[in-house]
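Undergrad: What would the 3D arrangement of this be:
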Amino acid sequence: MRTHTLSVLKALSLALFVLLGAGSVSAQTARLTEDERNTIEVFRRASRSIVHIEVRAAMESSFEKHVMEGGTGSGFVLDTEGRILTAFHVIEDKNQIDVILSGGRRLAARLVGTAPRLDIALLQVDAAKEELFPLPLGDSQELEVGQKVIAIGNPMGLHNTLTVGVVSALRRSLEGTPVELQDALIQTDAAINPGSSGGPLLNSAGEVVGINTANVPKAQNVGFAIPIHFARRVVPDLIEMGHPYRPQLGFSGSEITPSIAKLFGLPLESGFLVEEVLPNSPAAYAGLRAGERIVVLSDKPYVLGGDIITAINGEPFTAPSQIAHVLLDSRPGLDLRFTVFREGRTVEVVIPLAKMHMQF
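TA: Down below sits the predicted model:
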């Protein structure tokens, strides 16, 4: 009888402990703010999609193998075929790439394609679909300054580190970045440190809106990400061709500013001054005209007298990066329509886009 009573008391104590524990967890959850619950939920869903990338540059011969240097970065699962998105600079100049999945399994990765001027690289691993958890891609063109964003990556090799911040600014440029990324980067105060590059920048819905790419070493809380819509545009090309479609138009020039226009007596205070048109190029066949008068200023030659581009596909010209961004959206068979100012009148120059021919 006594034994039975003790058993009943133990069972009641255990049940009470469970109830108290559940109540404690419930109370803790209740104390969380709506924003905290959102952050926790986004991390729970997204963390299994984040991969740790280890890279090495190795030199091999018939007699030995020597590892020159290594590095780490981040990436995320793009689809159940095993494709992984990361930043190009993470794998640049490396010939051995390992991907560590969220479950801890290490896999050798193949390089599918690269877009160096966009700092985007696409990898592939052989893994079961059950091990792969693709992240949904959002719309970076709909971002607003002040919007909450979440960065997940492997800074300093610390797997699945989460930082939270906001979109600090849009259409930023960094010194030395290619023209394709000028007036394009997402600035955030979510911490992005060495090793975070290639990881996703997520919105509150858990969608990827950017690929983390850089921070400013001498500043705090100033990080940058590549808009995910750039990746949306080039990934099909990377899968098909290994590189983005970027036709050579065959012309070059300089941006016109009010000070340049005043200095040289140009007829417009803004636009793109066409200074060179290559022979037998699409621009030459379309009738785009370069100048002939060469004036040197601070070791930079300006070729004056050529066409001034004032609009591209009906959109007023704003910066040289605009041409690069239009080309990202282009495909063979489409036309680029340039509105140009020539000898006191406005004319339209149409350049048909042909299949891209690689030049090495």
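Undergrad: List the residues that contact the residue nearest the centre of the chain.
TA: Against the mean C-alpha coordinate of the chain, by CA atoms, centre = their mean, the closest residue is Ile226 at 2.8 Å. By CB atoms under 8 Å, 6 or more residues apart in numbering, Ile226 lies in contact with Ala87, Leu118, Asp119, Ile120, Leu181, Ala184, Leu185, Ile186, Gly210, Ile211, Thr213. All C-beta spots, glycine's among them, are computed from the backbone N, C-alpha and C.
Undergrad: I'd guessed the first one sits against Phe76; true?
TA: No: under the criterion of CB atoms under 8 Å, Ala87 is not in contact with Phe76, lying 11.0 Å apart.
Undergrad: Need the residues touching each of those two.
TA: Joint contacts of Ala87 and Phe76 (CB under 8 Å, 6+ apart) are Gly198.
Undergrad: Tell me which of the two has more neighbours.
TA: It is Ala87, of Ala87 and Phe76, that has more neighbours when counted by other CB atoms under 10 Å, with 25 against 22.
Undergrad: ok, so what distance separates the more buried one from Val295?
TA: 41 Å (CB to CB, to the nearest Å).
Undergrad: same check, this time on Ala231
TA: Using CB to CB, Ala231 is found at 41 Å from Val295.
Undergrad: For those two, indicate the residue with more neighbours.
TA: Using other CB under 10 Å as the criterion, Ala231 and Val295 rank with Ala231 on top: 21 against 12.
Undergrad: Just give the closest residue to that one, not the sequence neighbours.
TA: Spatial nearest neighbour of Ala231, excluding adjacent residues (CB to CB, 6 or more residues apart in numbering): Ile120 at 5.6 Å.
Undergrad: Touching, that neighbour and Glu92? I think so.
TA: No: contact criterion CB under 8 Å: Ile120 and Glu92 do not qualify, at 11.6 Å.
Undergrad: who has more neighbours, the two?
TA: Neighbour comparison, Ile120 and Glu92: the larger count goes to Ile120, with 25 against 14 (by other CB under 10 Å).
Undergrad: which residues touch the more buried one?
TA: Ile120 neighbours (CB under 8 Å, 6+ apart): Leu85, Ala87, Phe88, Thr114, Ile211, Ile226, Phe230, Ala231, Val234, Leu238.
Undergrad: Of the residues you listed - the most surrounded one?
TA: Going by other CB under 10 Å, Ile211 tops the contacts of Ile120 with 29 neighbours.
Undergrad: Run a quick check on that one versus Arg232, I expect a contact.
TA: No: look at Ile211 against Arg232 with CB under 8 Å: they stay out of range, at 11.3 Å.
Undergrad: any idea which helix or strand comes after the helix or strand hosting Val149?
TA: Using DSSP states H and E, Val149 maps to strand 148-153. Reading on from strand 148-153 to the C-terminus, the next helix or strand found by DSSP H and E is strand 161-172.
Undergrad: which residues are contacting that next one?
TA: Applying CB under 8 Å, 6+ apart, the set of residues contacting strand 161-172 is 39, 43, 47, 143-155, 183-192, 196, 221-224.
Undergrad: which of those are buried?
TA: Buried residues within these, defined by neighbour count using 16 or more other CB atoms under 10 Å: 39, 43, 143, 148-155, 183-192, 196, 222-224.
Undergrad: residue contacts, Asp35?
TA: So Asp35 contacts Lys148 (CB under 8 Å, 6+ apart).
Undergrad: how far out from the middle of the chain is the helix or strand hosting it?
TA: According to DSSP H and E, Asp35 maps onto helix 34-46. Taking CA atoms, centre = their mean, to the nearest Å, one finds helix 34-46 lying 23 Å from the centre of the chain it belongs to.
Undergrad: That one relative to strand 161-172, how many degrees between them?
TA: Helix 34-46 and strand 161-172 are oriented at 100 degrees to each other (axes from the mean of the first three to the mean of the last three CA atoms, to 10 degrees).
Undergrad: tell me which residues of helix 34-46 are tucked away?
TA: Asn38, Thr39, Val42, Phe43, Ala46.
Undergrad: Isn't the second one up against Val149?
TA: No: no contact is recorded between Thr39 and Val149 when judged using CB under 8 Å, the distance being 10.7 Å.
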